[in-house]
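Quick one: sequence and predicted model below, then my questions.
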Amino acid sequence: MFPTRIEIIPSAGIVEKVQAAVPLSTTLTITCLPHHGIERTMEASVKLSLLGYTVIPHLSARGLEHRAQLSGILRGCEAAGIREVFAIGGDGPQGSGPYRSSLPLLADIAEYSGGSITAGIAGYPEGHPSMSGLDLLDALLAKQHLATHVVTQMCFSAPTILDYAALLRREGVELPVWAGVAGAVPRTKLLALAAQIGVRTSLKFLSNKGTLARKLLGGDKYSPEGLVSEIMAHPDSISGIHLYSFNRLDMPIWERSDLPDPEASEAASA
Ligand SMILES: NC(=O)C1=CN([C@@H]2O[C@H](COP(=O)(O)OP(=O)(O)OC[C@H]3O[C@@H](n4cnc5c(N)ncnc54)[C@H](O)[C@@H]3O)[C@@H](O)[C@H]2O)C=CC1
Ligand SMILES: Nc1nc(=O)c2c([nH]1)NC[C@@H]1CN(c3ccc(C(=O)N[C@@H](CCC(=O)O)C(=O)O)cc3)CN21
């Protein structure tokens with residue numbers, strides 16, 4: 001089965017919601033949003049890890065106030081059995097903290113944990129609204145020795161994700177690439193977020209693609225099924241699916257044993 005990780009937002013009641021809907025065998029990644037702060041991420045992460053889930057907290061460089069805060073977080077991770085984090089620059093404004101980007105954060109994670117906590121980093125198949133493609137690639141090259149994999153920003157186009165994975169290989173980024181895919185969430189929510197984070201192109205691509213794609217985007221909810229099938233046909237370049245769930249926690253449809261194999265569903269949609 002193609003591995004899938006589910007990203008959740010640590011909103012009120014999330015631990016109970018996860019427990020009710022998500023099998024313990026699932027790997028969960030927990031966002032760190034500027035208006036939440038790292039405490040909420042860590043509180044939910046520790047609780048879920050102690051319940052038995054495999055948990056990956058997101059650590060936002062700009063959201064950390066001092067180095068001792070990071071070492072405390074890493075000790076908390078170790079005590080709760082958390083072995084991996086996701087290191088991100090972060091959306092908030094730069095505060096007075098020591099980390100402006102994820103590179104020095106990754107260096108301190110490696111040093112403070114003595115290498116026992118690994119880290120994933122972000123990749124941007126459609127670019128980033130405030131960083132050039134070249135800067136993003138340079139940042140990835142500088143960070144890759146401190147990271148274990150790349151998770152891509154939300155994207156709605158399989159060719160864009162696959163081309164990006166190929167570009168990373170050509171440019172010397174060797175890390176496994178996990179494809180970041182939106183879950184079955186209301187279209188309006190996706191459109192608002194897509195505009196904010198600069199992924200409108202692939203959303204447009206999907207809505208212009210044809211009747212099936214139009215149908216998928218046309219209803220209340222987006223469905224990632226077609227995109228995931230296309231990606232799953234390329235296990236040589238993509239290592240797994242990172243599902244941005246927006247806390248809609250129904251089991252991803254492709255994890256069900258009754259799902260047709262990717263090649264069959266590709267042929268059916270051609
Ligand atoms: N993909 C995701 O899940 C998430 C993405 N983000 C976005 O990721 C951005 C960067 O994070 P990383 O990929 O870890 O890159 P990074 O922190 O390694 O930064 C790469 C380069 O861009 C510069 N930079 C970082 N943030 C910037 C910004 N907002 N404006 C202009 N320059 C910036 C850094 O100084 C560095 O030179 C955040 O600013 C945020 O917009 C934030 C949270 C989650
Ligand atoms: N630049 C950037 N920042 C991020 O935080 C981020 C990305 N990109 N890309 C992928 C995921 C998607 N993320 C998110 C973040 C928030 C909501 C969301 O639904 N926010 C609620 C508020 C939730 C709360 O406060 O409990 C909202 O209504 O906006 C969804 C996806 C986080 N990630």
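Thanks, I have it. Numbers count the residues shown, from 1 in each chain. Ligands and ions are numbered 1, 2, ... in the order given.

Give me the residues contacting the host helix or strand of residue 56.
Assignment of secondary structure by DSSP states H and E places residue 56 within strand 54-60. With CB atoms under 8 Å, 6 or more residues apart in numbering as the test, strand 54-60 has contacts from 5, 26-32, 34, 38, 41-42, 45, 48-49, 70, 73, 77, 80, 82, 84-92, 105, 109, 120. Heads up, the C-betas are built off the backbone N, CA and C, glycines and all.

does any bit of that strand sit next to ligand 2?
No - judged by CB under 6 Å from any ligand atom, strand 54-60 stays clear of ligand 2, getting no closer than 8.1 Å.

And stretch 124-135, by the same measure?
No - Stretch 124-135 stays out of contact with ligand 2 when judged by CB under 6 Å from any ligand atom, the minimum separation being 7.9 Å.

Quick one: end-to-end distance for that stretch.
End-to-end distance for stretch 124-135, by CA to CA, to the nearest Å: 11 Å.

Within range of ligand 1, give me the residues from this protein.
With the criterion set to CB under 6 Å from any ligand atom, the chain comes near ligand 1 through 61, 88-91, 100-103, 122, 130-131, 135, 139, 153.

Pick out whichever of the residues you listed sits closest to residue 196.
Taking CB to CB as the measure, residue 91 is the one of the residues of the chain next to ligand 1 closest to residue 196, at 9.0 Å.

tell me the secondary structure for that closest one?
Secondary structure of residue 91, reduced to three states by DSSP: H, G, I helix; E, B strand; the rest coil: coil.

can I assume it is in contact with residue 31?
No - using CB atoms under 8 Å, residue 91 makes no contact with residue 31, being 10.3 Å away.

Compare these two (neighbour count), which wins?
Counted by other CB atoms under 10 Å, residue 91 and residue 31 do not tie: residue 31 has more neighbours, with 20 against 14.

these two touch, right, the more buried one and residue 14?
No - taking CB under 8 Å as the definition, residue 31 is not a contact partner of residue 14, at 10.5 Å.

Residues in contact with both of these two, list them for me.
Going by CB under 8 Å, 6+ apart, residues that sit against residue 31 and also against residue 14 are residue 8.

low pLDDT regions in the stretch 1-150 of the chain?
Within the stretch 1-150 of the chain, the ranges that satisfy pLDDT under 70 run 1.

all helices for it, in order.
Applying DSSP state H, counting those that start in this stretch to the stretch 1-150 of the chain gives helices spanning 14-21, 38-51, 67-80, 102-113, 133-143.

buried ones in stretch 146-153?
146-147, 149-153 (16 or more other CB atoms under 10 Å).
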